[in-house]
Structure formats: C-alpha cells, structure tokens
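A.B. asks: got a predicted structure here, sequence first:
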Amino acid sequence: MTETRRAFIADTTALILFFTTTGVINERFIAGMEWEQVLHARLLGAALMVPVGRPYGMWRDWLMQRSGHGRLSQLLWDTFALVSFQVPIYAAIIAISGASGWALVRGVLGATSMMLALGRPYGAFLNWIRALFGLPPGGTRPMSVNID
C-alpha cells in the first residue's frame, strides 16, 4: 500500500474514532439533542469525515510545521488547527441534523470548548494512529499529497 493511501486511511480512521465518541457526548449531554438526532448527526458526521479526514490531516501538518518543539507551541498550533477546520463543519452537521436556535448555539459553543481542550490530545492520537500505519507524525515532514 502506498504512503498516500496509508495516510488517507490513518487520518480518516483517527478522525472517525475520536470524534464519533466526543460528538455523542457533546450532542446528547451539552446540546441536549434527542438520541435520534445524535444518531443522525453521527451518521452524517462519519460520512463527512471520510472526505474530510485527510484534508484535515494535511491542514494540521501544514500548521504544525510552524510550531516550535515546546509543548505550549504544539498545544496552541494543534488547537488552532482543530478549531479552525472542524468547528464550521460541525456546526453544519448538527444544523442539518435538527439542532436549531439555542441547541445549535450550545452545540457549537460546546464543540468549540471541547476542541479547545482536545486539540493536542487529538493531535497525539492522530500521530499514534499514523505510527500504527508506519507513517511519520504530522508537522515534522511533509507527507505526500500525490495520489498513487
């Protein structure tokens, strides 16, 4: 399997596993969505994560090249990458799934808060998944964007 395909599979797998779990928590317990709406949001989210997983991984890699070696720098850049890329997509997902008014506002604010807290943990999880696929961590070396 080529590095490009492994990168696609790794980045997509990491995104689906991590954010399906955190999405359920946010949608049900913070936004107050009904379980049927949560299920719809997670199914839609999973379908959208397939084409978004690798572009997010590339966006994160590009931003992480700007971080220093210190923990604070990595924390800030990982957090910025996650919030700037994922919050707008998440807002659309829960709006399409039935959240409106204050539920939508709470959901977006909850997701933003979670992503502020989860930026670096998700980055570490993504690097761990990439290592399982024999790939380098993000931001240390540009990964190929060529499709083989």
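C.D. replies: Nice, thanks for sending it over. Residues are numbered from 1 along each chain as shown.
A.B. asks: can you pull out the low-pLDDT segments for the protein?
C.D. replies: Low-confidence segments of the chain (pLDDT under 70): 139-148.
A.B. asks: in it, which helix is the longest?
C.D. replies: helix 101-132 (DSSP state H).
A.B. asks: just how off-centre is that helix within its chain?
C.D. replies: 6 Å (CA atoms, centre = their mean, to the nearest Å).
A.B. asks: that one packs against which elements?
C.D. replies: Here helix 101-132 touches helix 3-25, helix 35-64, helix 71-96, going by 3 or more CB pairs under 8 Å, 6 or more residues apart in numbering; DSSP states H and E. Placement of C-beta: from N, CA and C, glycine included.
A.B. asks: how about it: buried residues?
C.D. replies: By neighbour count on 16 or more other CB atoms under 10 Å, the buried set for helix 101-132 is 103-104, 106-108, 110-112, 114-115, 118-120, 122-123, 126-127, 129-130.
A.B. asks: cool, and stretch 59-66?
C.D. replies: Neighbour counts using 16+ other CB under 10 Å place W59, R60, D61, L63, M64 of stretch 59-66 among the buried residues.
A.B. asks: and the residue nearest to the third one when sequence neighbours are not counted, what does it touch?
C.D. replies: When the adjacent residues along the chain are set aside, D61 lies closest to G138, with 4.1 Å between them (CB to CB, 6 or more residues apart in numbering). In this structure, G138 makes contact with G57, R60, D61, M64, G123, L126, N127, R130, judged by CB atoms under 8 Å, 6 or more residues apart in numbering.
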